[in-house]
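# All I have is the shape, not the residue letters:
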Ligand SMILES: [Zn+2]
């Protein structure tokens, strides 16, 4: 009996090992097949970079574009590369990231794939500093790469990396991405530059609407409901919204992830709202809703929910659509 039992276990182990080996084999093989079609493999780190790249490579037969495996991850803080990501990156020729320190795993990628070209869309663009107000929020800057990392053009400490929230900066990112892809696939560079130009024109139409709103705001600072340019934000990404609309984010309570907000933080927040005569609060639906409801109950403020543009469908126009929605909400907020 005892001997049979051992034999059974042995057979089971053997079967599991074999099955595991076969599945891994199939997995790796199917992965390799993607990489053998002669196309240049471009991988993006997350949503806003992917959507920009998608518009640029439209109609090109020279490039295969993929995003890291978790499309709904949102911001990349604390992101851990999955085994699928590793396979994707091992085949990649070009890895397009946002930069500004938001991809905290980059130094590991640089070490694991020394041959891989890693380019940051935000390269050379002027990003905002972290607000430093409020407390307890995540800070991308804290995860600064340690010296020997591939992306060390800047020290990211204290950088607010959510630049895609400003349509002007996003245009800069699109142009950078077009240049990086053009360098990797010179044969199709004209197409990439033309695509980028067409996409940037669409983004510029959004910028024009924002400029219009900003102008109106300058002429009418006080009117019944909207008592000034001071706003409070519940997400660091909205510092870019404040900047582009000519508003002042007097306080940032960073609710970028599921977390407990202390009674002290709530008290600070309510004090800031009153002291600065704030009537508009910008929040994200996913993590800011509870606090938003509290604020609306406790104060006369109106809370508006904007999209941080870090998740959504993979349609080429999805950034444009989501940003247009944000503009419409801001128009309502600033009336
Ligand atoms: Zn973030």
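Structure received. All values reported here derive from a predicted model rather than from experimental measurement.

# Let me know the pLDDT of the residue in the chain positioned nearest to the ion.
Nearest residue of the chain to the ion (Cβ to the ion) works out as residue 75 at 3.2 Å. Yep, even glycine has a C-beta here, placed from its N, CA and C like the rest. Looking at residue 75, its pLDDT is 81.

# Confirm residue 254 sits in a strand?
No - per DSSP: H, G, I helix; E, B strand; the rest coil, residue 254 lies outside any strand segment and is coil.

# can you pull the pLDDT of it?
Looking at residue 254, its pLDDT stands at 90.

# That one against residue 234, yeah?
Yes - if you go by Cβ atoms under 8 Å, residue 254 and residue 234 touch, sitting 7.4 Å apart.

# that older thread, my read is that the residue of the chain closest to the ion contacts residue 287, right?
No - counting by Cβ under 8 Å, residue 75 does not reach residue 287; the two are 10.7 Å apart.

# Return the residues of this protein in contact with the ion.
Proximity of the chain to the ion (Cβ under 5 Å from the ion) is limited to residues 75, 256.

# pLDDT below threshold where in the stretch 51-200 of the chain?
71, 132-156 (pLDDT under 70).

# where exactly do the strands run in the chain?
Counting by DSSP state E, one finds strands in the chain at the ranges 40-44, 63-67, 94-97, 117-120, 230-233, 248-252, 280-284, 302-306.

# Mind giving me the packing neighbours of the third one?
For strand 94-97, the contact count by 3 or more Cβ pairs under 8 Å, 6 or more residues apart in numbering; DSSP states H and E identifies strand 40-44, helix 47-57, strand 117-120, helix 167-184 as packing neighbours.

# taking those together, which one is wrapped up most tightly?
Among these, helix 47-57 has the highest mean neighbour count (mean count of other Cβ atoms under 10 Å), at a mean of 25.

# what about that one, distance to the chain center?
12 Å (Cα atoms, centre = their mean, to the nearest Å).

# Taking strand 40-44 as reference, get the angle to that helix.
150 degrees (axes from the mean of the first three to the mean of the last three Cα atoms, to 10 degrees).

# Identify all contacting residues around helix 47-57.
42, 44, 63, 65, 67, 71, 74, 96-98, 121, 164, 170, 173-174, 177-178, 181, 192, 195-196, 199, 309-312, 314, 316, 318-319 (Cβ atoms under 8 Å, 6 or more residues apart in numbering).

# what about 6 Å?
Contacts to helix 47-57, defined as Cβ atoms under 6 Å, 6 or more residues apart in numbering, come from residues 44, 63, 65, 67, 96, 98, 121, 164, 174, 177-178, 181, 192, 195-196, 199, 309-311, 316, 318-319.

# are any of those residues buried, and which?
44, 63, 65, 67, 96, 98, 121, 164, 174, 177-178, 181, 192, 195-196, 199, 309-311, 318-319 (16 or more other Cβ atoms under 10 Å).

# hmm, back to that, out of the helices and strands packed on strand 94-97, which is closest to residue 80?
Closest to residue 80 of the helices and strands packed on strand 94-97 is strand 40-44 (Cβ to Cβ; 16.1 Å).

# What average pLDDT does that closest one get?
Mean per-residue pLDDT for strand 40-44: 97.

# Who are the packing partners of it?
strand 63-67, strand 94-97 (3 or more Cβ pairs under 6 Å, 6 or more residues apart in numbering; DSSP states H and E).

# Which neighbours in the sheet does it have, and how are they oriented?
Here strand 40-44 has these sheet partners by DSSP bridges: strand 63-67 (parallel), strand 94-97 (parallel).

# How far off centre is the longest one?
Spelled out, it's strand 63-67. Worked out by Cα atoms, centre = their mean, strand 63-67 lies 17 Å from the chain centre.

# got a list of contacts for it?
Residues from elsewhere that reach strand 63-67 (Cβ under 6 Å, 6+ apart): 39-44, 50, 53, 57, 88, 185.
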